[in-house]
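Undergrad: Based on what follows, work out the 3D shape:
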Amino acid sequence: MARATAVSEFLSGLFDRRWIGGDKLEAQPIEALCDALLSTGGQVSGRQIASAILRRYERLEADKKLAFFHHLNDALDLDATAVAELAARYQDEPTPAHFAALSKAAEPRRQELFRRLNQAEGATAALVRMRVDLLRLVKAHPELKRTDMDLTHLLRSWFNRGFLVLRQISWDTPASILEKIVAYEAVHEIQDWDDLRRRLHPPDRRCFAFFHPAMPDEPLIFVEVALTQEVPGSIQKVLAEDRAPLQIEEARTAVFYSISNCQRGLAGISFGNLLIKQVASELAQALPQLTTFVTLSPIPGLRKWTEGQDLPTLPFDELAAHYLLEAKRSDGLPADPVARFHLGNGAAVLEVHADADASEKGDAQSYGVMVNYHYDLTQTEKNHEDFALQHSIATSKPIKAKARSALAAITRNSAP
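TA: Numbers count the residues shown, from 1 in each chain. Prediction:
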């Protein structure tokens, strides 16, 4: 503590003499700067120290970054003994003063460090990038998960729905953002600018993204939408180069055919459920003739799951229906990650389609099978509750029929 106070006083002296950002500040070890940031009370000096820490961090070699996170993990951890004592005191006498003391002690000092770092210009984006490094290091150093939990807690607060801005991405969007859409597309690769234009420019195509005011030029997540007459059965049809654009007044169906997360540092912070529901609501208001809202989604776990099972030969659509309804993790939730996402949002499994994705990736994931999840805006809340509380999967009659057919074949195959 004496060391931290001495560093803080030294740095405060620098600021008082208007040496802000000078060589003496830059020369301090990053751990000492962290101590000083936690000790200082001035807003100006705090911003300058935070900026210095973030600049220094960006220049650190990999081993120094690991040492930095270990410093946060250990030196800035909570004092469990003090927390226990204060908890007992609050239990005996639940006064506001005891509550305040317990609340302060129960929060690791690294959380306050992250908050203070966030006052520097460009800090939010820098902290998101910092978490990319932290996530990579956690794999080999699981004890650092404690620090990741604290940073994630703050990022969830800073990136909650109240701060997110929905923007439509069009062919007129600045090129710097369009380049990021091309780079971040994770479901159906955008081949070139002509391919991007086909997805954005025609009147029957839409793209929407969430942005954050602290990162105005960085999309957080985006969804691509095709406006069609009917529910599509293949991505080839949706993305065909020679397709004739649909007149907008003829559209009856909005198809969410690609949703991509853009920021690896925000992994585990869900925006997709908010994005799909808001886009569906906005489209319904702007185009009241739309009656159906569906996805055209991959089934990324199907082939891997199938190859580990002793199954009879089944049509691919029946195999997919069986997998989506019956393949479960140990916690009772669907094995397929995309299914967990959409069913958790309140969607229903509407239909599966063989030969729906002819790409190499589509074959490797699911033998080319894709699925439509139906977002009935009058049923999503009920479906969500049933799924969350009972793991109940909302399905259509065709899906149930295909799953029953698959189950009958599996039963016959296993009979002696």
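
Undergrad: rest of the way, CA atoms for contacts and neighbours
TA: Fine.

Undergrad: ok, and the closest non-adjacent residue to F68?
TA: E31 (7.1 Å; CA to CA, 6 or more residues apart in numbering).

Undergrad: right, and the one you found touches F69 too?
TA: No - using CA atoms under 8 Å, E31 makes no contact with F69, being 10.0 Å away.

Undergrad: Comparing those two, which shows the higher neighbour count?
TA: Neighbour totals were compared for E31 and F69, and F69 leads with 21 against 17 (other CA atoms under 10 Å).

Undergrad: The helix or strand hosting the more buried one: what's the following helix or strand?
TA: Taking DSSP states H and E as the criterion, the element that holds F69 is helix 62-74. Using DSSP H and E, the helix or strand that directly follows helix 62-74 along the chain is helix 80-92.

Undergrad: quick one: average pLDDT of that next one?
TA: Averaging pLDDT along helix 80-92 yields 96.

Undergrad: Mind giving me the packing neighbours of the helix holding F69?
TA: Where contact means 3 or more CA pairs under 8 Å, 6 or more residues apart in numbering; DSSP states H and E, helix 62-74 is packed against helix 30-39, helix 145-158.

Undergrad: Repeat the analysis, applying 7 Å as the threshold.
TA: helix 145-158 (3 or more CA pairs under 7 Å, 6 or more residues apart in numbering; DSSP states H and E).

Undergrad: Give me the mean pLDDT for the helix it packs on.
TA: Throughout helix 145-158, pLDDT has a mean value of 97.

Undergrad: Return the set of buried residues in that helix.
TA: Residues 145-148, 150-152, 154-155 are the ones in helix 145-158 that count as buried (16 or more other CA atoms under 10 Å).

Undergrad: Looking at those, which is nearest V132?
TA: Set against V132, the nearest of the buried residues of helix 145-158 by CA to CA is D148 (10.2 Å).

Undergrad: quick one: the closest residue to that closest one other than its chain neighbours from W171, how far?
TA: Among residues not flanking D148 along the chain, L134 sits closest, at 6.9 Å (CA to CA, 6+ apart). Separation of L134 from W171 (CA to CA, to the nearest Å): 36 Å.

Undergrad: Who has more neighbours out of those two?
TA: Comparing L134 with W171 by other CA under 10 Å, the one with more neighbours is L134, at 21 against 16.

Undergrad: Assumed that one was part of a strand.
TA: No - in this structure, L134 is helix, not part of a strand, as judged by DSSP: H, G, I helix; E, B strand; the rest coil.

Undergrad: returning to what we had before: could I get the buried residues of helix 145-158 as CSV with distance to L389?
TA: Shown next, in CSV, are the buried residues of helix 145-158 (distance: CA to CA, whole Å):
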residue, distance to L389
K145, 28
R146, 29
T147, 31
D148, 28
D150, 28
L151, 29
T152, 25
L154, 27
L155, 27
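
Undergrad: circling back: distance of the residue nearest to F68 relative to H141?
TA: Noted for E31: a distance of 20 Å to H141, by CA to CA.

Undergrad: cool, and P96?
TA: P96 is 38 Å from H141, by CA to CA.

Undergrad: ok, those two, which is more surrounded?
TA: The residue with more neighbours, out of P96 and H141, is H141; 13 against 10, by other CA under 10 Å.

Undergrad: Roughly how far does the more buried one sit from Q111?
TA: Here H141 is placed at a distance of 20 Å from Q111 (CA to CA).

Undergrad: Please enumerate the helices of the stretch 101-250 of the chain.
TA: Residue ranges of the helices in the stretch 101-250 of the chain, as given by DSSP state H, counting those that start in this stretch, are 109-117, 123-140, 145-158, 175-184, 193-200, 235-239.

Undergrad: which outside residues touch the last one?
TA: Helix 235-239 has contacts (CA atoms under 7 Å, 6 or more residues apart in numbering) with 356-357.

Undergrad: and if you look at the fifth one?
TA: For helix 193-200, the external contacting residues (CA under 7 Å, 6+ apart) are 170-171, 190, 205-207.

Undergrad: wait, what's in contact with V352?
TA: 317, 320-321, 369-372.

Undergrad: Okay, now the unreliable bits of this structure?
TA: 1-24, 42-44, 415-416 (pLDDT under 70).

Undergrad: Give me the domain ranges for it.
TA: Split into domains by automatic domain parsing, the chain comes to 2-161, 163-414.

Undergrad: If anything else comes up later, I'll come back, but that's it for now.
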